[in-house]
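Q: Requesting a structural model of the entry that follows:
(one chain, ligands or ions: 2)
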Amino acid sequence: MQINATRLPFFLGILLISQLIALYANTVFAAQRPDPLVIAHRGASGYLPEHTLESKALAYGMRPDYIEQDLVLSRDGHLIVMHDIHLDQVTDVARIFPDRAREDGRFYTIDFTLRELKQLRVTEAFEGDIKALTPKYPKRFPLWASSFQLSTFAEEIELIQGLNKSLGYNIGIYPEIKSPWFHHAEGQDIARRTLEQLKAYGYTNRDKKIFLQSFDAEELQRIKNELMPAMDMDLPLVQLVAATSWGEKKVRQGGHWVNYNYDWMLEANGLEKISGYADGIGPWAMMLVTAETDTIEGNGLTRRAQALGLQVHPYTFRADGQRIPGVTHEFGAILALFISRIKVDGLFTDHPDKVRAFIEQR
Ligand code: G3P
Ligand code: CA
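A: Ligands and ions are numbered 1, 2, ... in the order given. Predicted structure coming up:
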């Protein structure tokens with residue numbers, strides 16, 4: 001289009017006004033949008049052995065919005081805060097109870113009483129045999145240094161609630177019910193036990209600062225539609241999303257355990273279904289991006305979920321471990337991508353201090 005010289009000021013005026021409108025809209029949008037939630041993943045696990053009370057206290061001092069607890073059951077029905085149903089990659093169980101492994105060579109938390117579990121020493125996560133001493137994260141706290149123990153969910157809630165009282169903050173809890181399928185197979189109802197414990201500590205409704213999470217869609221629907229109504233509870237739920245190949249959940253098929261298929265969750269109908277029982281999704285961070293060799297962008301999943309009213313809390317952001325192949329290893333650039341461009345609603349991180357600092361400085 002040719003612009004007549006006499007009409008040039010008119011077009012420049014239109015251009016200026018449209019730019020001012022865009023600037024105003026961006027400013028208003030940014031002002032209305034709350035900061036993303038900082039979720040301390042297994043505590044300050046980048047600095048101290050995961051899920052120890054020491055790691056949770058250190059995380060608390062970093063002022064996250066929530067502190068995460070992964071939950072499994074002991075033989076005598078106590079909720080233990082630990083990530084795996086196995087004890088052998090973070091404790092000395094193979095040394096203290098060498099005869100208590102199952103046929104697969106693993107030591108299961110559910111085979112031990114709380115009294116026995118309290119005899120174990122906890123360390124940074126290691127790989128392979130206890131004698132091999134190969135740390136999972138070489139730059140983190142030294143293996144077997146100092147003295148750490150397993151703790152119960154009750155002990156951890158009392159720590160966080162106690163600090164909320166003594167320091168005056170309101171930091172929430174973000175428990176994950178681990179492997180309901182496994183606990184059911186062992187004759188245990190871990191979801192019910194978790195809700196009972198939460199109720200005992202006052203987490204009964206949405207006024208309390210809590211999200212309850214699980215990788216198990218069927219169990220979350222049972223919690224939403226059966227357990228919580230029966231217990232007069234109403235807590236926000238988060239559907240965690242795994243890759244099928246990880247084997248995060250197993251189902252019986254033809255007499256065998258096979259991997260549950262997660263593919264439906266990230267499809268349009270899947271997200272819609274999730275929005276019927278959950279308040280948010282917790283996907284692996286890489287599920288939210290499309291990575292080419294020299295560029296990386298959001299793939300639209302975050303916006304689609306948010307349009308359905310779902311919060312998006314991806315995992316796991318690690319200053320010493322996050323890698324986006326071929327694109328960046330720099331933690332600040334990764335946070336800028338997910339926080340400023342993709343605009344997630346919360347982040348699970350092993351380094352809550354670094355994520356909090358990024359949010360405050362941006
Ligand atoms: O629960 C969010 C995140 O922790 C999921 O991964 O395996 O560390 O529990 P995982
Ligand atoms: Ca977890």
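Q: Following the helix or strand where Glu116 lies in sequence, what is the next regular element?
A: Applying DSSP states H and E as the criterion places Glu116 in helix 114-117. Once helix 114-117 ends, the next helix or strand along the chain (criterion: DSSP H and E) is strand 126-127.
Q: quick one: the residue in the chain that ligand 2 sits nearest to from ligand 1, how far?
A: Ligand 2 sits closest to Glu176 of the chain, with a gap of 4.0 Å, by Cβ to the ion. (C-beta placed from N, C-alpha, C; glycine too.) Using Cβ to the nearest ligand atom, to the nearest Å, Glu176 is found at 5 Å from ligand 1.
Q: Name the helix or strand for that residue, please.
A: Judged by DSSP H and E, Glu176 forms part of strand 172-177.
Q: what helices or strands is that strand leaning on?
A: strand 66-73, helix 153-167, helix 190-200, strand 212-214 (3 or more Cβ pairs under 8 Å, 6 or more residues apart in numbering; DSSP states H and E).
Q: Redo these as CSV? Include distance to Thr109 and mean neighbour count.
A: Shown next, in CSV, are those (distance: least, Cβ to Cβ, whole Å; neighbours: other Cβ atoms under 10 Å):
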stretch, distance to Thr109, mean neighbour count
strand 66-73, 5, 25
helix 153-167, 13, 16
helix 190-200, 11, 19
strand 212-214, 17, 26
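Q: got the residues of the stretch 51-200 of the chain near ligand 2?
A: Within the stretch 51-200 of the chain, the residues that sit near ligand 2 (Cβ under 5 Å from the ion) are Asp70, Glu176.
Q: low pLDDT regions in the stretch 51-200 of the chain?
A: Within the stretch 51-200 of the chain, no stretch has pLDDT under 70.
Q: What ranges does the stretch 1-150 of the chain have for its strands?
A: With DSSP state E, counting those that start in this stretch applied, the stretch 1-150 of the chain shows strands at 37-40, 66-73, 79-81, 126-127, 134-135, listed in chain order.
Q: quick one: Ile171 and Gly61 touch, right?
A: No. With contact defined as Cβ atoms under 8 Å, Ile171 does not count as touching Gly61 (10.1 Å).
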